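J.: Okay, predicted coordinates and the sequence, questions at the end:
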Amino acid sequence: DILGDYDVVHINTYGPRSFLLLHAAKRRGKKVIMHGHSTREDFENSFIGSNFFAPLFGKYLAHMYQKADYVITPSEYSKHLIQSYGVTTPIIAVSNGIDLEKYKKDPKKEEVFRKHFKIEEGQKVVICAGLYFKRKGIEDFVEVARRMPDVRFIWLGSINKWIIPRKIRRIVEKDHPSNVEFPGYFKGAVFQGAMTGSDAFFFPSYEETEGIVVLEALASHQHTVLRDIPVYNGWIDETSSELCHNVDEFVDSLNKVLNGQVDKREAGYKVAESRSIDLVAYQLVEAYQTVLEM
């Protein structure tokens, strides 16, 4: 409600309605918080033409962040990126948070997952979750699977294939080995059962502002194999996840996990606990109070 009665507005997206709300609120003297979970870097290597439009998109985001009274962003890394655009608005890093209860191990949900994908007893299954973007590391996901033919690799997630580059579309449609599946988007019991019931969560993404699916995997007491990228600095390290740089290292780490040579799940769960939705709620209240007192 653009003309509604409120003290502070917390804008979570960057679309045209958000733009109108931001400017309307400022004209009325209302306090505005922008949520900085979108960056120019996060936009690149996604849709067709995203790299061409990324500089313009970055300027648009910078304008919205600069116009706001306060910016809440999911990580110290994304805070640094937003500041690098020349934004001088106060910025605080607050995790997106994770509902720990939602991702507890549940044999019924795991059975739903196994039945849906017809997983046989003893079969090794590695999952990933994300849109069909080059940025998400989909090419490496397929190449790793090619080198591990005895393991099933399931990519959970989807997007309209006609808005992604042809090369990525071909990978999803046919240019992948038989042990790779792109079944589409899932939520609820199938997704949560996959998070706890698979053998590893493999996320080779090149760029994130936090990585909500990583938090979901950690909260699920799941083995996590990730690309070693700056966004994880300060909260995920080698004690809680396998951090890799290339296909060879991904294959090596996944083999170690699947063979029982490494187990970092408890340390990973403690990371999820530190970013629980309950703790995040208090941080948000504190942010709102700070803005109202400005």
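T.: That came through fine. Predicted model only: the values in this text are computed from it and were never measured.

J.: Could you measure from residue 147 over to residue 61?
T.: Distance of residue 147 to residue 61, computed by CB to CB, to the nearest Å: 38 Å. Where C-beta positions appear, they are placed from N, C-alpha and C, glycine not excepted.

J.: List the buried residues of stretch 22-41.
T.: Buried residues in stretch 22-41, counted by 16 or more other CB atoms under 10 Å: 22, 25, 30-41.

J.: With pLDDT, distance to residue 104 and secondary structure added, can I get these in TSV?
T.: Shown next, in TSV, are these (pLDDT from 0 to 100; distance: CB to CB, whole Å; DSSP: H, G, I helix; E, B strand; the rest coil):
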residue	pLDDT	distance to residue 104	secondary structure
22	96	38	helix
25	95	39	helix
30	94	40	coil
31	96	37	strand
32	97	37	strand
33	97	31	strand
34	97	33	strand
35	97	27	strand
36	96	30	coil
37	91	26	coil
38	93	30	coil
39	94	32	coil
40	93	37	helix
41	94	34	helix
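
J.: Tabulate these (TSV), appending distance to residue 223.
T.: Formatted as TSV, the buried residues of stretch 22-41 follow (distance: CB to CB, whole Å):
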residue	distance to residue 223
22	42
25	45
30	46
31	43
32	41
33	36
34	35
35	30
36	30
37	26
38	30
39	28
40	32
41	27
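
J.: Looking at those residues, spot the one nearest residue 125.
T.: Among those, residue 37 lies closest to residue 125 (CB to CB), at 29.6 Å.

J.: Quick check, the closest one in contact with residue 209.
T.: Yes. Applying CB atoms under 8 Å, one finds residue 37 in contact with residue 209, separated by 5.0 Å.

J.: so what sits against both of the two?
T.: 73, 74, 78 (CB atoms under 8 Å, 6 or more residues apart in numbering).

J.: Not counting residues beside it along the chain, what's closest to the first one?
T.: Once flanking residues are discounted, residue 73 sits nearest to residue 36: 3.5 Å by CB to CB, 6 or more residues apart in numbering.

J.: Ok, residue 221 next?
T.: Residue 221 sits nearest to residue 265 (CB to CB, 6+ apart), 4.9 Å away.

J.: measure residue 222 to residue 230 for me?
T.: From residue 222 to residue 230 the distance is 23 Å (CB to CB).

J.: Neighbour count: these two, which is higher?
T.: Using other CB atoms under 10 Å as the criterion, residue 222 and residue 230 rank with residue 222 on top: 25 against 14.

J.: so where does that one fall, helix or strand?
T.: Taking DSSP states H and E as the definition, residue 222 sits outside all helices and strands.

J.: next one: residue 252
T.: Element membership for residue 252, per DSSP H and E: helix 247-258.

J.: for that helix, packing partners?
T.: With contacts defined as 3 or more CB pairs under 8 Å, 6 or more residues apart in numbering; DSSP states H and E, the packing partners of helix 247-258 are helix 138-147, strand 200-203, strand 224-227, strand 242-244.

J.: Follow the chain on from the longest helix along the chain and name the next helix or strand.
T.: Ranked by number of residues, the top helix in the chain under DSSP state H is helix 50-67. Counting by DSSP H and E, the element after helix 50-67 in chain order, helix or strand, is strand 70-73.

J.: What average pLDDT does that next one get?
T.: Average pLDDT, strand 70-73: 97.

J.: Pull the distance from the following helix or strand past that strand to the chain's centre.
T.: Next along the chain after strand 70-73, taking DSSP H and E as the criterion, comes helix 76-84. Here the centre of helix 76-84 is set off from its chain's centre by 16 Å, with CA atoms, centre = their mean, to the nearest Å.

J.: For helix 76-84, give me every contacting residue.
T.: Contacts to helix 76-84, defined as CB under 8 Å, 6+ apart, come from residues 36-37, 39-41, 61-62, 65, 71, 73, 91-93, 209-210, 230-231, 233-234.
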